[in-house]
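> I'll drop the sequence and a predicted model, then ask my questions.
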Amino acid sequence: MTELNYDDAPFAVRSDLTAAHLATWDRLSSAGTWLTGETRVAISAEVRNVKECSLCAARKDALSPYAVDGDHDSLGDLPENIVEVIHRIVSDPGRLTQKWYRNCLSSGLSEEEYVEIVGVICSTVSVDTFAHAAGLERRELPQARPGEPTRVRPPEASQGSAWVPWIGPDDAQGSEISHFGPNVSNVRRALSLVPDEAIGFLSMVGAQYLNGDQMFDFSTEYRAITHAQIELIAGRISAINQCAY
Amino acid sequence: MGQAHGDGGIPQGDLLVVFAEAVVGNDRAALNAARGALVDALGTDALVDACCIAATFNAIDRVADSTGIPIDEARLEPTLEFRESLGINAFPSRSAQG
């Protein structure tokens, strides 16, 4: 049984938020589409280890991260090519390039594995950032559950205008349409090569931020801060991260 | 990326900007101070939601940058001018999309 709560917080945390983070932990600990629960939890642990990596620190300070060679300081539980993906995305996401992505694939990762790793990394970053921002201890990582990945690639996925293949605006079918259909933004379809990972991540985001309808309903405030205040924080975070999207 | 100034014309905008910068910074004392100022001004429910937004975008930025998604067609034209004036087009992640 996965556990996560905010009972130790000196303020009330919305129950839907706690439930969403618990669901995220539950998802991370279970076998995914391409990775086992053990690997997924190991990825989360490595995310937390990035701040201890001297290579990442040196690359972050360098004019170009590609000018600094070396080995990552890792926990040793994952192959080096997965460690590279984790450390670069966590420590220096604004300077990733398509060439770097292609090198990750050349190292033996499949496109599907890469996308699932991204989903696990970013889910972990999100829950950990909440705790950090709120002044709380990071939540204990879940125990990995047994089980085998389903290994099903959505047949409608194809190479579009992103680096990774995705379910394009006109290719979503059936129940996928609300998640990846013509009316959703590119960031919502970014992980659609692994639909369960994408939907799980977006569910967490909906509890933290706003769902699609709420985002554009400026007549109602759904949170304790206004739409404008929300977008101010979002914009400042993205500017510091140098995210052009 | 330097610090931002002012409130952007948004109530308590200055506090929210300082809080956002502290969340992704490395100064724990500054974060504690920013959090305290936010609670004093807006209350703890607002703090929780501000933390949620920081948590969301610190992750979504990484999704966008690591998957190489292009800016949505519908947003390209309306944002052309301010992306240029704010220097967003010069971000490495923008050129990496090319």
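Alright, I've got the coordinates.

> which intervals of chain B have sub-threshold pLDDT?
B:1-8, B:75-98 (pLDDT under 70).

> Now do the helices in it.
For chain B, the helices identified by DSSP state H occupy B:13-23, B:28-42, B:44-67, B:73-85, B:92-95, in order along the chain.

> Give me whichever of the ones you listed is most buried.
Of the helices of chain B, the one with the most neighbours on average (mean count of other Cβ atoms under 10 Å in any protein chain shown) is helix B:44-67, at a mean of 26. From N, CA and C alone the C-beta is placed, and that goes for glycine too.

> coming back round to it: can you redo the helices of chain B as a markdown table with distance to A:D73?
Rendered in a markdown table, the data for those read as follows (distance: least, Cβ to Cβ, whole Å):
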| stretch | distance to A:D73 |
| --- | --- |
| helix B:13-23 | 24 |
| helix B:28-42 | 22 |
| helix B:44-67 | 20 |
| helix B:73-85 | 37 |
| helix B:92-95 | 24 |
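
> Spatially, and excluding backbone neighbours, which residue is closest to B:N32.
Using Cβ to Cβ, 6 or more residues apart in numbering or on different chains and skipping the chain neighbours, the partner closest in space to B:N32 is A:G135 (6.6 Å).

> per-residue pLDDT, that neighbour?
The predicted structure scores A:G135 at 98 on the pLDDT scale.

> how about it, what does it touch?
Contact analysis of A:G135 by Cβ atoms under 8 Å, 6 or more residues apart in numbering or on different chains lists B:31-32, B:35.

> and which of those is nearest to chain A?
When the contacts of A:G135 are compared for distance to chain A (Cβ to the nearest Cβ), B:R35 comes out closest, at 5.8 Å.

> Isn't that closest one up against B:L16?
No. Contact status for B:R35 versus B:L16: not in contact, 11.5 Å apart, counting by Cβ atoms under 8 Å.

> Quick check: the gap between the residue of chain B found nearest chain A and A:V164.
Using Cβ to the nearest Cβ, B:G68 is the residue of chain B that sits closest to chain A, at 3.0 Å. To A:V164, B:G68 is 7 Å away according to Cβ to Cβ, to the nearest Å.

> ditto for A:R188
Counting by Cβ to Cβ - A:R188 and A:V164 are separated by 14 Å.
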